[in-house]
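Undergrad: Next come a sequence and a model predicted from it.
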Amino acid sequence: MMSDGDGRDRLRAEIAAFYAGFGQPAALLAAFRQAALLVPLTADDRVFFSQVGGVDWLCAFTSIEEYARFMVTRGHLQDNGIDADREYRHHWLFGRRLQEYVDSRTEPAGIAIDIVGSAPMAFPPDVAG
């Protein structure tokens, strides 16, 4: 488990500020860029994306519990626990690295954080052009 120095507490606080109606976009983006987030991997060791409305979304999580909630929602976990015979591959990556990666792709991609949690946050792609 990572420590408080991983930036996730700050990110959660900035997300909460947005939900409370007084969030600052620059502070949220800075907290996101500095936070270490759990990123699921596919069976072939690629970063997991979910497609919605023709846009790829890189799914990232602030905790193992948020990742588990996502997996239950997608039908990959039972409500009563994990499949002991399955490997749940993931990396912890800083938000700035995730942003650099989605920005380097040829197709639009955004980043969705804790997407099925109580306080999801999305960083959509820039599709203006």
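TA: Yep, it's here. Numbers count the residues shown, from 1 in each chain.

Undergrad: Where do the strands of the protein begin and end?
TA: Listed in chain order, the strands of the chain (DSSP state E) span 36-40, 49-52, 55-60, 90-94, 109-113, 121-123.

Undergrad: Would you reformat those strands as JSON lines and include distance to residue 9 and mean pLDDT?
TA: The way it works is simple: take the backbone N, C-alpha and C, and place the C-beta from them, glycine included. JSON lines is the format used below for the strands of the chain (distance: least, CB to CB, whole Å; pLDDT from 0 to 100):
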{"stretch": "strand 36-40", "distance to residue 9": "11", "mean pLDDT": "97"}
{"stretch": "strand 49-52", "distance to residue 9": "26", "mean pLDDT": "90"}
{"stretch": "strand 55-60", "distance to residue 9": "16", "mean pLDDT": "95"}
{"stretch": "strand 90-94", "distance to residue 9": "15", "mean pLDDT": "95"}
{"stretch": "strand 109-113", "distance to residue 9": "14", "mean pLDDT": "97"}
{"stretch": "strand 121-123", "distance to residue 9": "15", "mean pLDDT": "97"}
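
Undergrad: Residue 25 is nearest to which of the ones you listed?
TA: Evaluated over the strands of the chain, closeness to residue 25 peaks at strand 121-123, with 10.5 Å, by CB to CB.

Undergrad: What residues sit buried inside the closest one?
TA: 121, 123 (16 or more other CB atoms under 10 Å).

Undergrad: Can you mark which positions in stretch 56-72 are buried?
TA: Quick answer for stretch 56-72 (16+ other CB under 10 Å): 56-63, 66-72.

Undergrad: who touches the residue nearest to residue 92 when sequence neighbours are not counted in this structure?
TA: Spatial nearest neighbour of residue 92, chain neighbours left out: residue 36 (4.8 Å); criterion: CB to CB, 6 or more residues apart in numbering. Contacts here follow CB atoms under 8 Å, 6 or more residues apart in numbering; on that basis residue 36 touches 2, 6-8, 92-94.
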